[in-house]
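S.K.: model this:
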Amino acid sequence: ASVYNAATVSSHAWARFFLATQTTYHRLMNALHNYPDVLAAAARYLENEDALTTLCIQVQQIASPTGEEKMRSDWVTAYFETLGLADVYQDELHNTYGRIVGHSGDAPALLVSAHIDTVFPFETDLSVRIDEKNGLIYGPAIGDNSTGVAALLSTAEALCTLPAPPVDIWFVANSGEEGLGDLRGMRAAVERLDTIGAGGIGASIVIEGTGVGRIVHQALGSRRYRISASAPGGHSWSDFGSASAIHALVQLAANLSQMSVPKSPRTTFNIGRTQGGTSINTIAQEAWLELDLRSEDPEALEAIIQQTHKIISSFQNANWQKKNVQIDVECIGDRPTGEISAEHPLVLATAEALEYCGIQVQHTLRMSSTDANIPLSRGIPSVCIGITRGGDAHRLSEWIDPEMMPRGVQHLILLTWWSALWVAGELSA
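M.R.: As a prediction, this is how the structure comes out:
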C-alpha cells in the first residue's frame, strides 16, 4: 500500500485524526490507502455544512406523500442529469435511477438508495424553522427522509469527481417506503437492477436521514391486514336487533387484542386504524380495521399470523352468516425478513467507518423495518445507516442537527467506496 500523505486532504484536523488512529481502523483504511482522492473528497464535506443544509431544505420543500412522489422524483431526475450520471431513468413507480460506470464490467453492482416519500399529505405546511440557540432545524420530513436524499445526492456528486470506481454504482431515489407503500419502490428497484448486467446487485447501502451511528443489518418482518365487516344495518330504533358491522368488528378486535405473543423473540401486534358507520343513530353496514403484526423471528411472525387467521375464521362461521355478517381480510403489507451476521465484512466496515469519522456506533440498533428488508430477504448483503441526529419523526415538529451531517456524508462516501472494492473482490475479507 502507498504511504498516506496528509497533504492530499483539505481538512488538517481530519488528517490529524486519521494519522492518530489509522492502526485502529486497519481493515477499512488499509483498503482506502490507495485512494487518497476518495479520502480527500470525503473530508471536504467536513467544511460543507451550509451546502448540505441548503440541499436538505431544497428536498424537504417538495411535497412527496407516499404514492404521490412524482414532483420530487422529477426534481431528483434533473439533479442526476446535471451531475452527469449514466442511464438516468424514472420508472412507473417514480423511482429515479442513475449510474456511475465502474471499470469492471463483469462484477456485480453496488446499490446506494434513499427513499423520497414522506408520511405528510400535500397540504402540509412545509415551513422550516432554525433554532438560533441550538442550531437545530425543524420541519415536517426534514429528517425522514430529506436528509437521506440530500446525502444520496451529495455522495453521487462527490464520486462523479473521482476516477471510475471498481464496479458500477447505482444511485436510486426510491418511492413507496413509508406506511402502506410496503417497500414497493425498493422491490421494483432490486428486481430491475438484479436482472441487468453481468452479476446483478452485489451489496446495498440504504440511507435514512436520522439515526446516525446505527447499523441495521437485520430486517424486522411484518404483515399488515385490513379486516372488513359488512352487515344488514339499519335505523338504530326501528331496526334494532339487525346485525351491525361495527358490533361484529369490535368483538373481533377485542379477540385480537388478547392474542398471546412471546417476549422473546420480540413479537408485537397493533390495531392502528379503524373506521365505519355513517351516523350515531345508524346501525353500521360497513366497518374496517387495520392490523399490524411484527416479529424479529420468522417463525414467531408466522405463529401470530396463524392466530390472527384463526380469530378471523371464528367470525366467518354459520352463526355469523345467519346474521348476514360477512368478514373479509386483505393483506395490505408484507415486509420480508432477512439478515447478515454482525461479523459480516459490510457490517464491520460500516462500524469502522463510523468510528473513523468520529461517530459513536449504536450497537443496540441492529434490527428495523427499512428498505434494506428487500435486498436482505434476497440474500444481498445490505446495511441501513443514518446521516445525522434527529427526532420527532413523522411529526410536524420533526428536527435534525445539521452540525452532524458533514460527518454522516463523509462516512457514507468512505463506506460506498469500500463496498465497491468489496463487491469487486479486491479485498481479502
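
S.K.: going forward, measure contacts and count neighbours with C-alpha atoms only.
M.R.: Will do.

S.K.: Quick check on residue 203: phi, psi?
M.R.: When read as degrees, to the nearest 10, the backbone of residue 203 gives phi -170, psi 160.

S.K.: Would you confirm that it contacts residue 380?
M.R.: Yes: counting by Cα atoms under 8 Å, residue 203 does reach residue 380; the two are 5.7 Å apart.

S.K.: host element of residue 332?
M.R.: Assessed by DSSP states H and E, residue 332 sits inside strand 326-335.

S.K.: what's that strand in contact with?
M.R.: Residues outside strand 326-335 that contact it (Cα atoms under 8 Å, 6 or more residues apart in numbering): 180, 182-183, 220-231, 312, 315-316, 320, 369, 373-374.

S.K.: Now, of the residues you listed, which are buried?
M.R.: With burial judged by 16 or more other Cα atoms under 10 Å, the buried subset of the contacts of strand 326-335 is 182-183, 220-231, 312, 315, 320, 369, 373-374.

S.K.: what pairs with the closest residue to residue 89 other than its chain neighbours across the strands?
M.R.: Excluding its sequence neighbours, the residue lying closest to residue 89 (Cα to Cα, 6 or more residues apart in numbering) is residue 97, at 5.2 Å. As for beta bridges, residue 97 partners with residue 89, residue 172 under DSSP bridges.

S.K.: Report pLDDT for residue 97.
M.R.: At residue 97, the model reports a pLDDT of 98.

S.K.: Pull the number of nearby residues for it.
M.R.: By other Cα atoms under 10 Å, 24 other residues sit near residue 97.

S.K.: could you pull out the strands for the stretch 1-150 of the chain?
M.R.: 86-90, 96-100, 109-115, 129-130, 137-138 (DSSP state E, counting those that start in this stretch).

S.K.: my guess is the residue nearest to residue 89 contacts residue 85, does it?
M.R.: No: in this structure residue 97 lies outside contact range of residue 85 using Cα under 8 Å: 9.0 Å.

S.K.: pLDDT weak spots in the stretch 301-429 of the chain?
M.R.: 428-429 (pLDDT under 70).

S.K.: can we see that at 80?
M.R.: Applying pLDDT under 80 to the stretch 301-429 of the chain flags the ranges 364-365, 428-429.

S.K.: Please put the alpha-carbon coordinates of the strand holding residue 332 into CSV.
M.R.: The C-alpha atoms that make up strand 326-335 are tabulated as CSV, following Å, rounded to 0.1, in the frame of the first residue of the first chain:
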residue,chain,number,x,y,z
GLN,A,326,-69.5,-11.0,6.3
ILE,A,327,-65.9,-10.7,7.4
ASP,A,328,-63.2,-10.2,4.7
VAL,A,329,-59.5,-10.0,5.1
GLU,A,330,-56.9,-8.4,2.8
CYS,A,331,-53.2,-8.4,3.1
ILE,A,332,-52.0,-4.8,2.6
GLY,A,333,-48.4,-5.2,3.7
ASP,A,334,-45.8,-7.8,3.7
ARG,A,335,-42.3,-6.8,4.7
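
S.K.: I'd like the next helix or strand past it.
M.R.: Assignment by DSSP H and E places the next element after strand 326-335 at strand 338-339.

S.K.: name the helices or strands packed onto whichever helix or strand comes after that next one?
M.R.: The first helix or strand that comes after strand 338-339 along the chain, using DSSP H and E, is helix 345-356. Packing partners of helix 345-356 (3 or more Cα pairs under 8 Å, 6 or more residues apart in numbering; DSSP states H and E): helix 26-32, strand 215-216, strand 382-388, helix 405-423.

S.K.: name the helices or strands packed onto the last one?
M.R.: When you say that, I think you mean helix 405-423. helix 26-32, helix 36-44, helix 49-60, strand 109-115, helix 148-160, strand 201-210, helix 345-356, strand 382-388.

S.K.: Okay then, goodbye and thanks.
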